[in-house]
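[1] 3D model of this:
(2 chains)
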There are 2 protein chains.
Amino acid sequence: MERLPGFRDFYPEPLPNADAWSADARNHIFRAWRETARRYGFREYDGPPLESLELFTLKSGDEIVDQLFNFVDKGERAVAMRPEMTPTLARMIATSERAYKKPIKWFALPQLFRYEKQQKGRLREHFQLNCDIFGEADTAADAELIALLIDTLRALGLSSDDFVIRLSSRNAWQEFFAKRCADESKAYAFYQVIDKLARESAENSHARLAALGFSLDEVRAFIAAGEPTAELRSVLDSLTARGLGAFVQVDYNVIRGLAYYTGVVFEAFDKKGEFRAIAGGGRYNNLVKLISGGKVDLPALGFGMGDVVLLELIKSRGLLPKFTAGVDVVALVEDEALRPETLALVQRLREAGFAADFSLVPVKGDKQFKRALELGAAHTVRLERSPEGEVVARLKHLQTREEKVLAPDTVVAALGR
Amino acid sequence: MERLPGFRDFYPEPLPNADAWSADARNHIFRAWRETARRYGFREYDGPPLESLELFTLKSGDEIVDQLFNFVDKGERAVAMRPEMTPTLARMIATSERAYKKPIKWFALPQLFRYEKQQKGRLREHFQLNCDIFGEADTAADAELIALLIDTLRALGLSSDDFVIRLSSRNAWQEFFAKRCADESKAYAFYQVIDKLARESAENSHARLAALGFSLDEVRAFIAAGEPTAELRSVLDSLTARGLGAFVQVDYNVIRGLAYYTGVVFEAFDKKGEFRAIAGGGRYNNLVKLISGGKVDLPALGFGMGDVVLLELIKSRGLLPKFTAGVDVVALVEDEALRPETLALVQRLREAGFAADFSLVPVKGDKQFKRALELGAAHTVRLERSPEGEVVARLKHLQTREEKVLAPDTVVAALGR
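    Predicted coordinates:
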């Protein structure tokens, strides 16, 4: 019975084989995501992993269906496993935004699904941090969102030596476009050429731009100048005031392929250029209106950060901690007659918040001790009968090898709780 | 654009409408689940929400297909969204158990999916805590697992006044059966009658038992006697030694409908009998062998606890905390000239681990203060220019209304970090 291709099993460390993903590493990333969002006053939400197919085609067109896990359910509904969170979020916001003070600052950690064409090692699911702000048109919101993105990466130990936020603007490109072309219907095709500039040959880009009435040289000159627009200047000023100026640079190569971005856009990259983008996002002021059928109109912006590239990056920078079983105390049972008292002690330790473990069945003392070392326990505790016939606890700190003999009732207090 | 029936949107509190589920309450339950599992030395794992259909039919027979979100994917694979975690877990254990010391104690918090027949308010997904132990045949493992179940409910504030674990045994029933019937092939049909005893009329149960050669009276006498078997006695002794004896009682009405249980079985119920079972589980020593095609043979046991009944129960007992935005400090900007310094201060607060928020754009002072109260902030901080022209911070504790005026650099320290 095999796992489906492109899906992952997450195991506790140490990992059993090269094919296994680390549940501990995943939770380490999740904790950093949640903790940073909390510090920024973002609130968590979630939505269904399965939605109407139409929710996704409405936003992305029918082409997206080729990349979806979609089907017809037993109630004859065309449904799809979510390939992204934004349509669900826009649906939730459109239904409920009136109940919330603006700006709404929300985040989620959804698992997302895409039926990618079969390729070795290519995943068909991943987890993604989604952070979004609704109801604030000012660029102060863009700066707040980008600061959150920067601090999320810093929470994992990454510094300005490791990554940079490339900042750009659909408005800057819109202005560039409008100065040279009056036919607004060509704008999206133009953006697509810009989006592919780095990956395409100069010949191809030149030809495509020429077909739209642009020259590759003037496009290149515009990018090389990198003159920030007033909105980008304001975002940069806010980030600089926060002491985060070193993490960001204007780069008009970034334009984001998706049709729905409307203002400031940005992507996070590793500085060595070894990996795909770590995160990306921007303004999408028209999407809530689209999803709500015109009923709700709210300025919006957000970013997504996947777990896969992020994990590769922090691994390659040596920033992934060593994960252990996280056991604080192992209770050793050498005298089976004292097992009931040991169970009571383990229970007291657990009730005091310690992670406590013990051998469920009789095992030789040296094996129990070896297991305590493997579990990375800080302490062992063993009940003994003293020469006077009293039950005492022998508490040992495994690193310092310091031992204390004390009454079983006082072990929790001796451990500082 | 509507949500699919039976699926939930999770919103931050306060909730926008009666149809919304609380993301805060869900995370409150998730934290209790994770934290208790940690104290018991259980490690987290996860698997794919989508699996081969065969993984589920292998365990539960073809009848289960009617209740699944199943489909044929673009690679012509028959697949299904997971209706339970155990088959995935058994698959993972069968592949990788050799790499782990026994007993393996693992937990997961999967979202599970079932295409239930349409019924008002009936959900088609829920979250479930799954805790399992592999590689230990001794009843000490059953006691450890049941202790974890009890402490998970206690972690949410529930006491022995609120719930009870009904403890039973397939072996006890097996013995009862074998004494009276030599035809082992009838055993599963017999278990099914016992499982439905409480819900069926006495006439129906009587007729079904008679057809199998049993009398309802002797079944009732066996249940009423409730004489613990040696294995149940040993589980009870271990729980009593832990001080958890008051949470459990032998009840042979419990037998668990599923075919694959092999030993001790149990269910957690609210004592008032208002709700469906809170949790259920037991031994399933043959399942790993079945899923691995005979390659791996490991004793196993586990339980599942869903989020929906649990939430109803803790709500009804008044045990759900009041959730706020969790903001520690709100920075007020009254003098817009000091916004850059305020941004720097907010950044320092966030870097020190505080949840800090502020108005992104100029807003009247009283409105900012009102917002701080709504956010449930403990403190506000406001930068001002002193008569001497210095920038000072006015830090206010909102509950005591105590104010301090101090240098902006010292605010983090004044808050105790």
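
[2] how about A:L58, phi and psi?
    Main-chain dihedrals, A:L58, degrees, to the nearest 10: phi -60, psi -40.

[3] What pLDDT is listed against it?
    Here the pLDDT value assigned to A:L58 is 88.

[4] Wait, it touches A:G293, no?
    No. Counting by Cβ atoms under 8 Å, A:L58 does not reach A:G293; the two are 9.3 Å apart. Glycine gets a C-beta too; all of them are placed from N, C-alpha and C.

[5] Settle it for me: which of the two has more neighbours?
    A:L58 (17 against 10; other Cβ atoms under 10 Å in any protein chain shown).

[6] So, low pLDDT: which residues of chain A?
    Scanning chain A with the threshold set as pLDDT under 70 gives A:118, A:258.

[7] ok, then the element right after the longest strand that it contains?
    Assignment by DSSP state E gives strand A:125-134 as the longest strand of chain A. Scanning forward in sequence from strand A:125-134 by DSSP states H and E, the next helix or strand is helix A:139-155.

[8] is that next one anywhere near chain B?
    Yes. On the criterion Cβ under 8 Å from any Cβ of the partner chain, helix A:139-155 is in touch with chain B at A:140-141, A:144, A:147, A:151.

[9] Give me the angle between the longest strand of chain A and helix A:139-155.
    Angle between the axes of strand A:125-134 and helix A:139-155 is 150 degrees (criterion: axes from the mean of the first three to the mean of the last three Cα atoms, to 10 degrees).

[10] Can you list the strands that strand A:125-134 pairs with?
    Partners of strand A:125-134 in the sheet, by DSSP bridges, are strand A:104-108 (antiparallel), strand A:111-113 (antiparallel), strand A:300-306 (antiparallel).

[11] Throw those into JSON lines and include mean neighbour count, thanks.
    Formatted as JSON lines, these follow (neighbours: other Cβ atoms under 10 Å in any protein chain shown):
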{"stretch": "strand A:104-108", "mean neighbour count": "24"}
{"stretch": "strand A:111-113", "mean neighbour count": "21"}
{"stretch": "strand A:300-306", "mean neighbour count": "23"}
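
[12] got CSV for these, with distance to A:A80 too?
    What follows is the strands paired with strand A:125-134, written out as CSV (distance: least, Cβ to Cβ, whole Å):
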stretch, distance to A:A80
strand A:104-108, 18
strand A:111-113, 8
strand A:300-306, 18
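
[13] Could you pull up the residues touching A:D66?
    A:D66 sits next to A:115, B:74 when contact means Cβ atoms under 8 Å, 6 or more residues apart in numbering or on different chains.

[14] Look at it and give its secondary structure.
    When classified by DSSP: H, G, I helix; E, B strand; the rest coil, A:D66 comes out as helix.

[15] Quickly find the element holding the nearest residue to A:A356 once chain neighbours are set aside.
    Residue nearest to A:A356 in three dimensions, not counting chain neighbours: A:L349, with 4.0 Å by Cβ to Cβ, 6 or more residues apart in numbering or on different chains. Element membership for A:L349 (DSSP H and E) is helix A:339-351.

[16] Whichever strand or helix holds A:E51 pairs with which strands?
    Per DSSP H and E, A:E51 falls inside strand A:50-52. Sheet pairing for strand A:50-52, assigned by DSSP bridges, gives strand A:78-81 (antiparallel).

[17] Against which helices or strands is whichever helix or strand comes after the strand it pairs with packed?
    Sequence order places helix A:86-96 as the next helix or strand after strand A:78-81, per DSSP H and E. With contacts taken as 3 or more Cβ pairs under 8 Å, 6 or more residues apart in numbering or on different chains; DSSP states H and E, helix A:86-96 sits against strand A:50-52, helix A:53-60, strand A:104-108, strand A:125-134, helix A:287-291, strand A:300-306.

[18] quick one on the thing from earlier: shared neighbours, A:L58 and A:G293?
    Shared contacts of A:L58 and A:G293 (Cβ under 8 Å, 6+ apart): B:M1.

[19] before we move on, the earlier item: can I assume the residue nearest to A:A356 is in contact with A:D409?
    No. With contact defined as Cβ under 8 Å, A:L349 does not reach A:D409; the gap is 11.8 Å.

[20] ok, these two, which is more surrounded?
    Between A:L349 and A:D409, counting by other Cβ under 10 Å, A:L349 is the more crowded of the two (24 against 11).

[21] residues touching the more buried one, list them.
    Going by Cβ under 8 Å, 6+ apart, A:L349 touches A:328-329, A:331, A:356, A:381, A:411-412, A:415.

[22] Give me the number of neighbouring residues for A:V405.
    Residues near A:V405, counting by other Cβ under 10 Å: 11.

[23] And for the one 3 residues further on?
    Each residue near A:P408 was counted by other Cβ under 10 Å, and the total is 19.

[24] where does the closest residue to it other than its chain neighbours land in three-state SS?
    Excluding the flanking residues, the one nearest A:P408 by Cβ to Cβ, 6+ apart is A:A393, at 4.6 Å. Three-state call for A:A393 (three-state DSSP): strand.

[25] can I see the domain layout of chain A?
    A:10-47+A:85-316, A:329-414 (automatic domain parsing).

[26] Out of these, flag the one nearest B:I64.
    B:I64 lies closest to domain A:10-47+A:85-316 among these, at 22.2 Å (Cβ to Cβ).

[27] end-to-end on the closest one?
    End-to-end distance for domain A:10-47+A:85-316, by Cα to Cα, to the nearest Å: 20 Å.

[28] can you check stretch A:206-218 too?
    Note: stretch A:206-218 ends 11 Å apart using Cα to Cα.

[29] before we move on, the earlier item: mind listing the residues bridging to the residue nearest to A:P408?
    Bridge pairing for A:A393 - DSSP bridges - gives A:L383, A:L406.

[30] in chain A, which spans are helices?
    Assignment of helices within chain A using DSSP state H yields the ranges A:23-39, A:53-60, A:86-96, A:139-155, A:170-180, A:187-196, A:202-211, A:216-225, A:230-241, A:287-291, A:307-316, A:339-351, A:365-374, A:411-414.

[31] Could I get the buried residue list for the fifth one?
    So that's helix A:170-180. The neighbour-count check on helix A:170-180 (16 or more other Cβ atoms under 10 Å in any protein chain shown) flags A:170-174, A:176-177 as buried.

[32] which of the residues you listed lies closest to A:V219?
    Checking those against A:V219 with Cβ to Cβ, the nearest one is A:F176 at 8.0 Å.

[33] Could you report the separation of A:G41 from chain B?
    To chain B, A:G41 is 4 Å away according to Cβ to the nearest Cβ, to the nearest Å.

[34] Close to chain B: what parts of the stretch 301-417 of chain A are there?
    Checking the stretch 301-417 of chain A against chain B by Cβ under 8 Å from any Cβ, the hits are A:325-327, A:339-341, A:343-344, A:346-347, A:350-351, A:353-357, A:360-361, A:371, A:374-375.

[35] my guess is A:L415 meets A:V329, correct?
    Yes. At 7.1 Å, A:L415 counts as touching A:V329 under the criterion of Cβ under 8 Å.

[36] Identify the contacts common to the two.
    A:349, A:354, A:379.

[37] and A:L53, how far is that from A:K295?
    21 Å (Cβ to Cβ, to the nearest Å).

[38] who's more crowded, the two?
    A:L53 (18 against 10).

[39] pretty sure the more buried one contacts A:P83?
    No. Here A:L53 lies out of contact with A:P83, judged by Cβ under 8 Å, at a distance of 10.7 Å.

[40] list residues touching both of these two?
    Listed as contacting both A:L53 and A:P83 by Cβ under 8 Å, 6+ apart are A:L68.
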